[in-house]
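Colleague: sequence and predicted structure below; questions after.
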Amino acid sequence: GAGVSQSPRYKVAKRGQDVALRCDPISGHVSLFWYQQALGQGPEFLTYFQNEAQLDKSGLPSDRFFAERPEGSVSTLKIQRTQQEDSAVYLCASSPREGWYGYTFGSGTRLTVV
Amino acid sequence: GENVGLHLPTLSVQEGDNSIINCAYSNSASDYFIWYKQESGKGPQFIIDIRSNMDKRQGQRVTVLLNKTVKHLSLQIAATQPGDSAVYFCAENSAGNQFYFGTGTSLTVIP
């Protein structure tokens, strides 16, 4: 597609439920990033992939958060046993080169944990 | 994480006036900065960037100023238009692949 696509756009989960958020990067983009954006705040880095390799996961807040990109294209961010503090917009960005240069954000998935 | 913050959380300007949005950062090692615009329900959109070896960079209707002495960044928007209404973030990178974002300033343009 023309841009970074994320699905679903909105997700409501009951506390304790597992969720999976999908990111379709721009075709051919090497690098993929996940950010978490709490209401009224700036995005915060979660993790970075270069092709299928997860090179940096220092921003994942707990071991309940897991991301994968098995074939170096689509990525999934999984959150296990969701908690209220996980409520946020989860943004995905992709870049045509290694690293952050020239990356483009998707519109995000808004997760609400009730 | 890094402390990148904005002085003014909200800003209202008349259409046609110039807007100035400010940002402070705390990491003196930061060497690359980006201003993003985020409209409701959308992801951040790149506006303009600047490297630490520059103090000014101009784009179309936008100018970014960098003062490394006081670790301050500003975004100037000329002849602000209603379509400029959004939340603006500064983001900085010092090393690695992640950017640190400020809290954001909400700009409202009054027609």
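Modeller: All right, it came through fine. Since the model is a prediction, treat every value here as computed from it, not as a measurement. Numbering: from 1, shown residues only, chains lettered A, B, ... in the order given.

Colleague: what's the next secondary structure element after the least confident helix or strand in chain B by mean pLDDT?
Modeller: The weakest-scoring helix or strand in chain B, judged by mean pLDDT, DSSP states H and E, is strand B:4-5 (a mean of 52). Using DSSP states H and E, the helix or strand that follows strand B:4-5 towards the C-terminus is strand B:10-14.

Colleague: buried set for that next one?
Modeller: Neighbour counts using 16 or more other C-beta atoms under 10 Å in any protein chain shown place B:11, B:13 of strand B:10-14 among the buried residues. In this view, the C-beta of every residue, glycine as well, is placed from N, C-alpha and C.

Colleague: number of nearby residues for A:Arg110?
Modeller: 18 (other C-beta atoms under 10 Å in any protein chain shown).

Colleague: can you tell me how far it sits from B:Gln98?
Modeller: Distance of A:Arg110 to B:Gln98, computed by C-beta to C-beta, to the nearest Å: 22 Å.

Colleague: same question for B:Ile50.
Modeller: 18 Å.

Colleague: these two: who's more crowded?
Modeller: Each of B:Ile50 and B:Gln98 has its neighbours counted (other C-beta under 10 Å); B:Gln98 has more, 23 against 20.

Colleague: any stretches of chain A with poor pLDDT?
Modeller: For chain A, the stretches with pLDDT under 70 are A:1.

Colleague: residue nearest the centroid of it?
Modeller: Nearest to the mean C-alpha position of chain A, counting by C-alpha atoms, centre = their mean, stands A:Trp34 at 3.5 Å.

Colleague: enumerate every residue touching that one.
Modeller: By C-beta atoms under 8 Å, 6 or more residues apart in numbering or on different chains, A:Trp34 lies in contact with A:23, A:45-48, A:67, A:75, A:77, A:90-92.

Colleague: between these, which is nearest chain B?
Modeller: A:Phe45 (3.7 Å; C-beta to the nearest C-beta).

Colleague: pretty sure the closest one is touching A:Leu60, no?
Modeller: No: using C-beta atoms under 8 Å, A:Phe45 makes no contact with A:Leu60, being 9.5 Å away.

Colleague: I appreciate the help and will end here.
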